[in-house]
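Chemist: What follows is a protein structure lacking sequence information:
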Ligand code: ATP
Ligand code: MG
């Protein structure tokens with residue numbers, strides 16, 4: 001029986017010139033992790049990665065698992081045939097038979113190796129005539145056919161698949177090829193999408209969640225963990241940090257002017273996130289902010305928050321509409337989780353009328369009504385983390401334990 005394989009196509013990696021092999025290597029590592037426990041063979045071929053199994057079959061869920069891995073442009077469930085014409089012709093008939101309802105088709109032959117004796121135009125004719133015979137009531141159509149049967153000759157084999165057996169992948173670049181970022185992750189719709197977007201561009205993501213604990217329950221923490229789990233197939237998150245933030249919010253709410261509270265909370269969050277980023281060796285922060293979406297996301301307020309950090313802050317959703325963000329959250333599997341309302345630090349001690357156009361002198365005055373430096377230290381001492389093993393490019397900071405040992409030997413809590 002002719003074996004089935006997954007052919008993994010990538011676009012952008014193909015453009016990477018001299019660094020190409022680094023990208024391909026990382027993609028293979030990430031695919032192996034995404035298929036962990038399935039005894040899959042993941043190998044590089046010229047222009048593709050091939051995923052195959054000992055028994056020559058591909059388990060049903062494998063193509064969609066492969067498709068979720070950043071760097072994968074398309075994944076096709078193909079027959080892997082030898083150079084024997086009978087073999088690949090039979091596969092072409094089979095692939096067309098599995099296409100369901102169609103009227104027109106064409107064969108797209110391609111040769112990526114020269115040891116195959118037949119030119120691609122002749123290959124098209126040869127396979128096309130077999131298909132015409134097998135499907136006498138269907139027509140060949142060169143432009144916009146209902147179905148295309150691909151016959152690709154690559155490194156000693158002929159791979160056959162119909163377009164219908166091909167699905168779109170996440171696109172982007174393999175995680176681990178663009179360095180590390182710290183993302184500010186709530187359980188809302190936006191920040192999980194923002195995290196996924198930078199992950200898809202190859203960044204290893206380290207989310208930090210600020211919970212309202214002890215002033216609220218820890219429900220937002222559970223939801224955030226669920227979000228990280230939902231993102232696991234993409235393999236972008238290695239560790240989630242959780243910062244109990246309720247006490248600081250209470251203190252800020254008592255001391256600073258009501259309208260500026262949210263900006264104070266956010267400045268404190270950014271300061272702590274930057275500290276975590278320094279610890280992790282991450283080079284940027286990422287938020288799910290979208291211009292003008294809520295009071296804290298006006299230009300003035302974004303500036304007032306940004307001021308406290310030196311690192312670049314990426315906002316991949318800055319120009320997105322909520323409907324687009326929600327659509328994406330459905331695609332990446334975080335929508336249902338984000339629908340669940342939970343009190344986190346965003347709902348705690350909220351002012352009735354938050355400032356929408358903060359002015360810097362007032363912001364600075366409010367910032368000095370409490371000892372923000374001491375708060376950052378205190379929050380860093382109480383930070384907790386949970387590790388996830390779905391991201392092979394994540395390396396925990398080596399100095400963490402030493403650093404923590406010096407600062408707070410007793411209070412460090414590792415949640416596993
Ligand atoms: P989201 O849907 O991501 O919660 P939002 O529309 O609720 O965003 P804000 O509450 O203003 O908007 O938050 C803006 C951004 O600040 C979020 O996208 C996220 O990056 C960060 N953020 C907000 N709350 C938290 C939190 N509790 N922990 C970590 N980051 C947060
Ligand atoms: Mg929110």
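Modeler: Good, I have the coordinates. All values derive from a computational prediction rather than experimental measurement. Ligands and ions are numbered 1, 2, ... in the order given.
Chemist: Would you agree residue 360 is in contact with residue 304?
Modeler: Yes. Using CB atoms under 8 Å, residue 360 makes contact with residue 304 at a distance of 6.8 Å. For the C-beta atoms, the positions are set from N, CA and C on the backbone; glycine is no exception.
Chemist: higher neighbour count, these two?
Modeler: residue 304 (26 against 11; other CB atoms under 10 Å).
Chemist: For the more buried one, give me phi and psi.
Modeler: Residue 304 has phi and psi values of phi -60, psi -30 when expressed as degrees, to the nearest 10.
Chemist: Can you give me every residue that contacts it?
Modeler: By CB atoms under 8 Å, 6 or more residues apart in numbering, the contact set of residue 304 is 263, 267, 358, 360, 363.
Chemist: per-residue confidence for it?
Modeler: Looking at residue 304, its pLDDT stands at 93.
Chemist: Ligand 1 versus that one, what's the distance?
Modeler: 13 Å (CB to the nearest ligand atom, to the nearest Å).
Chemist: Could I get the phi/psi values of the closest residue in space to residue 342 that isn't next to it in sequence?
Modeler: Excluding the flanking residues, the one nearest residue 342 by CB to CB, 6 or more residues apart in numbering is residue 219, at 4.2 Å. Note on residue 219: its backbone torsions stand at phi -60, psi -40 [degrees, to the nearest 10].
Chemist: wouldn't residue 219 be in contact with residue 341 here?
Modeler: No. Assessed by CB under 8 Å, residue 219 is found out of contact with residue 341, at 9.3 Å.
Chemist: Find residues that contact each of these two.
Modeler: By CB under 8 Å, 6+ apart, no residue touches both residue 219 and residue 341.
Chemist: Please, which helix or strand holds the residue most central in space within the chain?
Modeler: Compute the mean C-alpha point of the chain, and by CA atoms, centre = their mean the closest residue is residue 196, 3.6 Å away. For residue 196, the element it lies in under DSSP states H and E is helix 190-200.
Chemist: Need the buried ones from the contacts of residue 304 selected in PyMOL.
Modeler: Buried subset of these, written as a PyMOL selection, criterion 16 or more other CB atoms under 10 Å:
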select buried, resi 263+267+358+363
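Chemist: From the contacts of residue 304, pick the one nearest residue 397.
Modeler: residue 267 (24.2 Å; CB to CB).
Chemist: which non-adjacent residue is nearest the closest one?
Modeler: Leaving aside its sequence neighbours, residue 267 is closest to residue 308 (4.7 Å, by CB to CB, 6+ apart).
Chemist: mind listing the helices in this protein by residue range?
Modeler: 20-34, 62-67, 85-97, 120-134, 190-200, 219-230, 246-255, 261-280, 299-306, 322-332, 335-339, 360-367, 372-381, 400-407 (DSSP state H).
Chemist: Deepest-packed of those helices, please.
Modeler: Most buried of the helices of the chain, by mean neighbour count (mean count of other CB atoms under 10 Å): helix 190-200, with a mean of 26.
Chemist: what helices or strands is it leaning on?
Modeler: strand 180-184, strand 204-211, strand 285-286, helix 322-332 (3 or more CB pairs under 8 Å, 6 or more residues apart in numbering; DSSP states H and E).
Chemist: Other residues contacting the last one?
Modeler: Going back to what we said before, that points to helix 322-332. Here helix 322-332 has contacts from 189-190, 192-193, 196-197, 230-231, 234, 288, 290, 293, 317, 335, 338, using CB under 8 Å, 6+ apart.
Chemist: For burial, what's the neighbour tally of whichever residue of the stretch 101-250 of the chain sits closest to ligand 1?
Modeler: Proximity of the stretch 101-250 of the chain to ligand 1 (CB to the nearest ligand atom) peaks at residue 188, 2.2 Å away. Residue 188 is flanked by 20 other residues according to other CB under 10 Å.
Chemist: out of the helices and strands packed on helix 190-200, nearest to residue 13?
Modeler: Taking the helices and strands packed on helix 190-200 one by one with CB to CB, strand 204-211 is closest: 16.9 Å.
Chemist: Show me what the closest one packs onto, helices and strands only.
Modeler: By 3+ CB pairs under 8 Å, 6+ apart, strand 204-211 packs against strand 180-184, helix 190-200, helix 219-230, strand 239-244, helix 261-280.
Chemist: Quick one: residues contacting residue 165.
Modeler: Here residue 165 is in contact with 76, 77, 78, 95, 98 (CB under 8 Å, 6+ apart).
Chemist: Look up the closest residue to the closest residue to ligand 2 within the stretch 101-250 of the chain, ignoring the ones flanking it.
Modeler: Using CB to the ion, the single residue of the stretch 101-250 of the chain nearest to ligand 2 is residue 188, 3.4 Å away. In space, and not counting its chain neighbours, residue 188 is closest to residue 338: 5.8 Å by CB to CB, 6+ apart.
Chemist: That concludes my questions; thank you for your assistance.
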